[in-house]
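S.K.: here's my sequence, what's the structure:
(2 chains)
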Amino acid sequence: MKDRGSYKPLSYFQLMEVTLRELLVEKGVLTEEQIRRQVEDMRGRTPERGARVVAKAWTDSSYKKRLLENGTKACEELGLDVPALKLVVVENTPEVHNVIVCTLCSCYPRMLLGIPPDWYKSRAYRSRMVREPREVLKEFGLSISPHVQVRVHDSTADMRYLVLPMRPAGTEGWSDENLAPLVTRDSMIGVAVAKSPGTSA
Amino acid sequence: MEARFRVGDEVRVMKAYPPGHIRTPFYIRGHTGVVERICGAFPNPEELAQMRDGLPTQPLYRVRFRQKDVWPDYRGPDSDVVEIEIYQHWLEKA
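M.R.: Purely as a prediction, here's the structure:
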């Protein structure tokens, strides 16, 4: 079969992006190098940053206290800059399960979790997570006991949210470095719990 | 602008439908909840969206609502809640 290549015409928003970018460069507002660096930085942010914060909170109770009081400051302690962003960290306990959604758009703690997954931005997740969180969590494979309060956080304004998942059993005495890989992106959004030791990645 | 409400206060979200860029979700307008925390003060996003300075800054609250109050047909337990950030000019004393 003849290879017809993968050319597709630009979509409306792709065309808008190219147009705006070229205009900003042409008018000297930004340089191409600055844009490239920003994109590189953005892609360099991964959920491992958030996992470091969680693992530290699991092993250091005074850090955890500071994190819950002022998330932004506590991240700075670890050298994680969270500019123009007020971070609220919400803690899962045996009595409370927290989950994050942004019903209006797709606000997400990108500085700690990187680029959001597509489902987080989907209309279905955004509209259903506030209305029937337990059903949606079940579809993620997470069944919450009726004795546990489900607390949905709708990220509508200037705050960004991170869930502090519960530390898995069987990790007593573990170091931050060993704990961090158990902390997944989804567990920090609240649609999953942290991995248990011995489960594969 | 000074914060008019304190943590634990009962507040009602105004049932208003102004045009423009509004950060108060439709589904919560008209509902009553309890102030969970005061987040600080921020430029009014409705003004910012119009290219104005958004000043004076508006106190921002996190308000906790019972799911059963928000969705009468909510199927989960009574204890379930939803917490939302709402600017002061959208709130009145309940």
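S.K.: which residues touch the residue nearest to A:Gly141 when sequence neighbours are not counted?
M.R.: Residue nearest to A:Gly141 in three dimensions, not counting chain neighbours: A:Ala192, with 7.4 Å by Cβ to Cβ, 6 or more residues apart in numbering or on different chains. For every residue, glycine as well, the C-beta is placed using N, CA and C. By Cβ atoms under 8 Å, 6 or more residues apart in numbering or on different chains, the contact list for A:Ala192 reads A:Phe140, A:Gly141, A:Leu142, A:Thr184, A:Asp186.
S.K.: which stretch of helix or strand covers A:Ala192?
M.R.: Here A:Ala192 sits in a region with no helix or strand, counting by DSSP states H and E.
S.K.: likewise for A:His97?
M.R.: Per DSSP H and E, A:His97 falls inside strand A:96-101.
S.K.: mind listing residues that contact the helix or strand following that strand?
M.R.: Counting by DSSP H and E, the next helix or strand C-terminal to strand A:96-101 is helix A:110-113. Helix A:110-113 has contacts (Cβ under 8 Å, 6+ apart) with A:42, A:45-47, A:49-50, A:53, A:75, A:80-83, A:85, A:87, A:116, A:160, A:162, A:185, A:188-189.
S.K.: filter those down to the buried ones.
M.R.: A:45, A:47, A:49-50, A:53, A:75, A:80, A:82, A:85, A:87, A:116, A:160, A:162, A:185, A:188-189 (16 or more other Cβ atoms under 10 Å in any protein chain shown).
S.K.: ok, stretch A:119-132 near chain B or not?
M.R.: Yes - counting by Cβ under 8 Å from any Cβ of the partner chain, chain B has neighbours in stretch A:119-132: A:Val130, A:Arg131, A:Glu132.
S.K.: which pLDDT does the model give the residue nearest to the second one when sequence neighbours are not counted?
M.R.: Read it as A:Arg131. Distance criterion Cβ to Cβ, 6+ apart; nearest residue to A:Arg131, sequence neighbours excluded, is B:Trp71 at 5.8 Å. For B:Trp71, the model assigns a pLDDT of 96.
S.K.: from what I see, B:Trp71 and A:Pro133 are in contact.
M.R.: No - contact criterion Cβ atoms under 8 Å: B:Trp71 and A:Pro133 do not qualify, at 10.6 Å.
S.K.: compare those two and say which is more crowded by neighbours.
M.R.: Higher neighbour count among B:Trp71 and A:Pro133: A:Pro133, with 24 against 17, using other Cβ atoms under 10 Å in any protein chain shown.
S.K.: measure the more buried one to A:Arg160 for me?
M.R.: 19 Å (Cβ to Cβ, to the nearest Å).
S.K.: the closest residue to chain A within chain B - how many residues pack around it?
M.R.: The minimum distance from chain B to chain A, using Cβ to the nearest Cβ, falls at B:Glu85 (3.9 Å). Counted with other Cβ under 10 Å, the neighbours of B:Glu85 add up to 25.
S.K.: do the same with A:Gly71
M.R.: Neighbours around A:Gly71, by other Cβ under 10 Å: 25.
S.K.: assign a three-state SS to the nearest residue to it once chain neighbours are set aside, would you?
M.R.: Once flanking residues are discounted, A:Gly71 sits nearest to A:Leu87: 3.2 Å by Cβ to Cβ, 6+ apart. Judged by DSSP: H, G, I helix; E, B strand; the rest coil, the three-state class of A:Leu87 is strand.
S.K.: how about residues contacting the helix or strand bottoming out on mean pLDDT in chain B?
M.R.: When the helices and strands of chain B are scored by mean pLDDT, DSSP states H and E, helix B:45-48 comes last with a mean of 90. Applying Cβ under 8 Å, 6+ apart, the contact partners of helix B:45-48 are A:Ala157, B:Pro18, B:Gly20, B:His21, B:Ile22, B:Arg23, B:Asp53, B:Gly54, B:Leu55, B:Tyr87.
S.K.: relative to A:Val18, which of those is nearest.
M.R.: Comparing the contacts of helix B:45-48 against A:Val18 with Cβ to Cβ places B:His21 closest, at 25.3 Å.
S.K.: so where does that closest one fall, helix or strand?
M.R.: Per DSSP H and E, there is no helix or strand for B:His21.
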